[in-house]
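> generate coordinates for the sequence data below:
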Amino acid sequence: MADWAQLSRRTLIIAGASSWLVPSIGACASAGADLRPPFQTLPPEKLVKLDRDVETPEPVIRLSGDSRYVREDPARADVDPDAAEAYERAVAPLRTFEREVVRHANRYVRSKGETPAHAGRAGGMLWRWAKADALDEMKSDTAHFNRSASVAALSLAWMQVREAIDPEDEGRREIEKWFDRRGDEVRDYYDEKDPDQRSTRNNHRYWAGLAAAGAGVAAGSSRLLEWGLESGEVGLRQVDRDGALPLELSRGKRALYYHAYALGPLMMLAEIGARNGRSLYDFQGGALHRLVRFTLRGIEEPERVAAKAGAPQEPLGRDGGPFDAGDVAWLEIYDARYRDRNPWARRMAELRPLTYTRLGGDMTLLFSGQNARA
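Predicted coordinates:
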């Protein structure tokens, strides 16, 4: 088997030169295999069955809960401690499941396909949730947002291991049907909302777009992929000349945080689109490039964001520092395709490994090809 690092980097270099000359999305509607993941996948050395006995958290069928922010705060910037505690309790089982599935998927990739048992475990966990029709009943806007982010994470994990799962295993089709249902529900929820609501145009919509696009690639649905990419365009159309997103600026002291947060799904959508014949990288005169520059410059000089948001910016880092590595995990995608345009290109070595569960886990492994952790 070709070395994973060389294969990943070589493929991405070729991609940057050729803009991924692939059929249009409409031409890819016939089969899931025709819809390309955003990263190079491993040709399996050995096919495995889903591990139906793997220890799996209890499926979350219904989810409720409200925002962690003070209801009366129009900027949704001030955290309500009681609401935040209730929110964390509500989403904890979901996040545990995401981490475990993504962990197994990353381990399979890191082994260069030599530990197919990890692929079987990731798939087995997804099968258990698909069998239970998990994430079917969402009881609040916050719950719908968390379903979007979860479907995004899980679909990206599935793409990492799918080719190692025996096509004759009926559970594989059950998983893909589940992704198709959840993707449809994510799309329908946002299509049916009042278009004047902020969440139909801010980072909630971009995460919904990534959920739909990820589910589309996982299930072989070009219609879901199309809607997901359109959601990315919703965001990129709003990027102003300075590179800012007006709806994220409206978050006041949290504006910088939400710019970095919005870039995760937007960057992944751009890469999925580029792999499937519809690049968003140069959409709206290179809006994504402007957004990257504005956000990274804002981390270095938060007063620039403060001037546009009308409020001093909170540090992104949990320890009070300017940021955590996960806040800029999307940089691995950008660096792989546009290293010459990456303002932080020289900092990448010190930042790695860059990981973020809801973007598929170890981004350094998936996009730079580096074996981040044993």
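
> what segments of the protein are helices?
Secondary structure of the chain, counting by DSSP state H: helices at 4-18, 81-110, 116-131, 141-161, 170-192, 203-219, 222-236, 246-249, 255-275, 283-300, 302-309, 331-338, 348-351, 363.

> so which of those is nearest Pro37?
Across these, Pro37 has its closest neighbour in helix 141-161 (4.0 Å, Cβ to Cβ). From N, CA and C alone the C-beta is placed, and that goes for glycine too.

> does anything pack onto that closest one? Which helices or strands?
strand 62-63, helix 81-110, helix 116-131, helix 170-192, helix 203-219, helix 255-275 (3 or more Cβ pairs under 8 Å, 6 or more residues apart in numbering; DSSP states H and E).

> in a markdown table: the ones you listed, plus mean pLDDT.
As requested, the helices and strands packed on helix 141-161 are exported to a markdown table (pLDDT from 0 to 100):
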| stretch | mean pLDDT |
| --- | --- |
| strand 62-63 | 94 |
| helix 81-110 | 94 |
| helix 116-131 | 98 |
| helix 170-192 | 98 |
| helix 203-219 | 98 |
| helix 255-275 | 98 |
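
> point out the most buried one among those.
helix 203-219 (a mean of 29; mean count of other Cβ atoms under 10 Å).

> distance between that one and the chain's centre?
Computed by Cα atoms, centre = their mean, to the nearest Å, the chain-centroid distance of helix 203-219 equals 8 Å.

> that one to helix 222-236, inter-axis angle?
Angle, helix 203-219 to helix 222-236, by axes from the mean of the first three to the mean of the last three Cα atoms, to 10 degrees: 150 degrees.

> could you shift the numbering so residue one becomes 16, and keep it that way?
Renumbered: residue one is now 16, and that last one reads helix 218-234.

> got the angle for helix 218-234 vs helix 156-176?
Using the same axes, to 10 degrees: helix 218-234 against helix 156-176 is 30 degrees.

> re earlier: take the helices of the chain and write them to JSON lines, including distance to Gly335.
Formatted as JSON lines, the helices of the chain follow (distance: least, Cβ to Cβ, whole Å):
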{"stretch": "helix 19-33", "distance to Gly335": "35"}
{"stretch": "helix 96-125", "distance to Gly335": "18"}
{"stretch": "helix 131-146", "distance to Gly335": "35"}
{"stretch": "helix 156-176", "distance to Gly335": "25"}
{"stretch": "helix 185-207", "distance to Gly335": "35"}
{"stretch": "helix 218-234", "distance to Gly335": "23"}
{"stretch": "helix 237-251", "distance to Gly335": "29"}
{"stretch": "helix 261-264", "distance to Gly335": "22"}
{"stretch": "helix 270-290", "distance to Gly335": "13"}
{"stretch": "helix 298-315", "distance to Gly335": "14"}
{"stretch": "helix 317-324", "distance to Gly335": "13"}
{"stretch": "helix 346-353", "distance to Gly335": "22"}
{"stretch": "helix 363-366", "distance to Gly335": "18"}
{"stretch": "helix 378", "distance to Gly335": "24"}
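
> select, out of those helices, the one closest to Val69.
Proximity to Val69 (Cβ to Cβ) singles out helix 131-146 among those, at 4.2 Å.

> what residues does that closest one touch?
Contact with helix 131-146 is made by 59-69, 71, 74-75, 112, 115-117, 119-120, 122-123, 126, 150, 169, 172-173, 175-177, 179-180, 186-187, 189-190, 192-194, as judged by Cβ atoms under 8 Å, 6 or more residues apart in numbering.

> about what we covered before: nearest to Asp339, out of the helices and strands packed on helix 156-176?
Nearest of these to Asp339, taken as Cβ to Cβ: helix 270-290 at 9.6 Å.

> mind checking pLDDT for the closest residue to His219 other than its chain neighbours?
Distance criterion Cβ to Cβ, 6 or more residues apart in numbering; nearest residue to His219, sequence neighbours excluded, is Phe160 at 5.1 Å. Phe160 carries a pLDDT score of 96 in this model.

> one more: Arg83?
pLDDT, read off for Arg83, is 80.

> how near is it to Pro96?
The gap separating Arg83 from Pro96 is 9 Å, by Cβ to Cβ, to the nearest Å.

> ditto for Met283
Distance of Met283 to Pro96, computed by Cβ to Cβ: 32 Å.

> identify the residue nearest Tyr296 in space, chain neighbours excluded?
Ala285 (5.2 Å).

> Asp297 is in contact with the one you found, correct?
No. With contact defined as Cβ atoms under 8 Å, Ala285 does not reach Asp297; the gap is 9.5 Å.

> let me know the outermost residue of this structure.
Ranked by distance from the centre of the chain (Cα atoms, centre = their mean), the top residue is Glu87, with 30.0 Å.

> how about that one, what does it touch?
No contacts exist for Glu87 under Cβ under 8 Å, 6+ apart.

> which pLDDT does the model give it?
For Glu87, the predicted pLDDT is 73.

> and Trp19, by the same measure?
35.

> how near is the nearest residue to Asn217 once chain neighbours are set aside to His274?
Leaving out its chain neighbours, the residue that sits closest to Asn217 by Cβ to Cβ, 6+ apart is Leu262, at 4.2 Å. Leu262 sits 10 Å away from His274, going by Cβ to Cβ.
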